[in-house]
Structures are given as C-alpha cells and as structure tokens.
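# coords please:
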Amino acid sequence: MAKIGLFYGSNDGHTEDVAERIRVAFDAYEPDLVSVANIAHTSIEDIEHWDKLIFGIPTWNIGQLQDDWYIFFPKMDALDLTGKTIAIFGLGDQYEYSSTFLDAVGILADKVMECGGDLVGLWSAKGYQHWDSLALEGDYFLGLALDEDHQPELTDSRIQAWVAQLISEFGIAEEQPGSEPVAGG
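Down below sits the predicted model:
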C-alpha cells in the first residue's frame with residue numbers, strides 16, 4: 001500500500017516523466033511506496049488523504065505556475081496540511097529564465113507552509129547557474145531543482161540522491177549511523 005501521494009502538473013510531459021522516475025526510485029526502497037496523480041484530476045480530499053506528499057511543478061513563462069497548478073492553487077486555501085510532511089520538486093530553465101528559475105516551487109512552498117505543512121527535501125543551490133529564485137532560502141532551494149533543458153544528464157543522479165534524502169526525512173527508514181543527509185546538486 002502506498003505511503004506517499006505524489007501530485008504533479010505537466011504541460012509538455014517533462015514533469016510527468018520526472019514524477020514517474022521518482023516513483024521508480026522509491027520502488028527501489030519499497031515497491032508501491034508512491035502513488036502518482038495529475039493535479040488536474042485531484043481534489044482537496046485526495047491530497048488530505050496522505051500524511052506524506054510530494055508535489056511536482058514546472059515554472060512556466062516568467063516565474064509562473066504551470067496551468068493545472070494555477071487552476072488548483074486557489075482551492076489550496078481550503079487545504080489543511082497540519083501534521084503533513086511535504087516535499088516539492090520543480091523543473092525550470094536556469095539559463096533562459098535565470099532570474100525566475102523555479103519560482104513556481106517557491107510560490108507552492110509558501111502556500112504549503114501557509115496551509116500548515118512541514119516542508120522537507122531542501123536541495124543545495126550549488127551547481128546551478130541562475131540570478132535569483134523565489135525558491136531560494138539561503139543556499140538551498142525549497143525542493144529538488146531540475147533543468148531538463150540544460151542539465152538532463154544530471155536528472156537521474158539528482159533524483160536518486162533526493163529520494164534517499166526523503167526516505168530519511170519522511171521517516172520511512174532510519175538514517176544509517178554516521179551518515180549525513182544528502183542535500184546537494
């Protein structure tokens with residue numbers, strides 16, 4: 001039985017593909033750990049069903065929410081995420097949109113925290129070329145940062161490292177003695 005609900009929005013299929021790759025990475029730890037759904041076909045009750053959540057969102061245009069998330073976003077005002085642990089992954093273009101890279105992650109993260117959610121899965125901003133981002137908090141993004149346009153060769157290794165980090169942060173498996181959390185690019 002799945003323990004984590006993963007909800008994504010995707011216009012061109014990249015975020016959907018990454019959501020599936022994340023599900024497969026979790027399967028290596030425990031089969032059927034993650035249930036994947038498109039936010040376009042999701043209700044508030046669907047999200048409130050889960051204690052552990054992953055949200056996937058690409059940044060569109062100049063720092064905007066993806067279409068399906070844009071439609072769902074106002075519904076989140078009725079969402080109670082108190083006691084829930086949420087991680088976010090985002091896709092963006094760090095070169096063409098370097099001043100708004102992953103802004104949608106920052107917008108969604110703010111809403112998650114406003115709704116009482118506990119945000120995990122912060123990701124080091126090292127290894128990225130950008131000017132600014134609403135997703136930045138100090139030296140970390142508020143979720144996994146992926147650039148399928150300019151760094152697709154790094155996506156799988158970043159997913160693997162982030163999933164290992166989430167296994168610990170979600171409390172699914174106890175962290176091994178002497179190991180450090182994996183948060184990096």
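# what about the longest strand seen in the chain, average pLDDT?
Looking across the chain with DSSP state E, the single longest strand is strand 52-60. The predicted model assigns strand 52-60 a mean pLDDT of 96.
# list the pairing partners of that strand within its sheet, with orientation.
Taking DSSP bridges as the criterion, strand 52-60 sits next to strand 4-8 (parallel), strand 64-65 (antiparallel), strand 85-91 (parallel) in its sheet.
# show me where this protein has strands.
For the chain, the strands defined by DSSP E cover 4-8, 34-38, 52-60, 64-65, 85-91, 118-120, 123-124, 136-137, 140-141, 144-146.
# one step back: most packed of the strands paired with strand 52-60?
Mean neighbours per residue, mean count of other CB atoms under 10 Å, is largest over these for strand 85-91, with a mean of 27. All C-beta spots, glycine's among them, are computed from the backbone N, C-alpha and C.
# run through who's touching it.
Defining contact as CB atoms under 8 Å, 6 or more residues apart in numbering, one finds that strand 85-91 is touched by 14-15, 18, 22, 51-59, 102, 104-105, 108-109, 112, 117-121, 135, 141-148, 162, 166, 169-171.
# then stretch 62-71?
For stretch 62-71, the surrounding residues in contact (CB under 8 Å, 6+ apart) are 9-11, 15, 38-40, 57-60, 73, 97, 100, 103-104, 107-108, 134.
# ok, and the closest non-adjacent residue to residue 32?
Spatial nearest neighbour of residue 32, chain neighbours left out: residue 2 (5.7 Å); criterion: CB to CB, 6 or more residues apart in numbering.
# over to residue 88?
Nearest non-adjacent residue to residue 88 (CB to CB, 6+ apart): residue 143, at 3.3 Å.
# same check, this time on residue 42
Of all residues not flanking residue 42 in the chain, residue 7 sits nearest, at 5.6 Å (CB to CB, 6+ apart).
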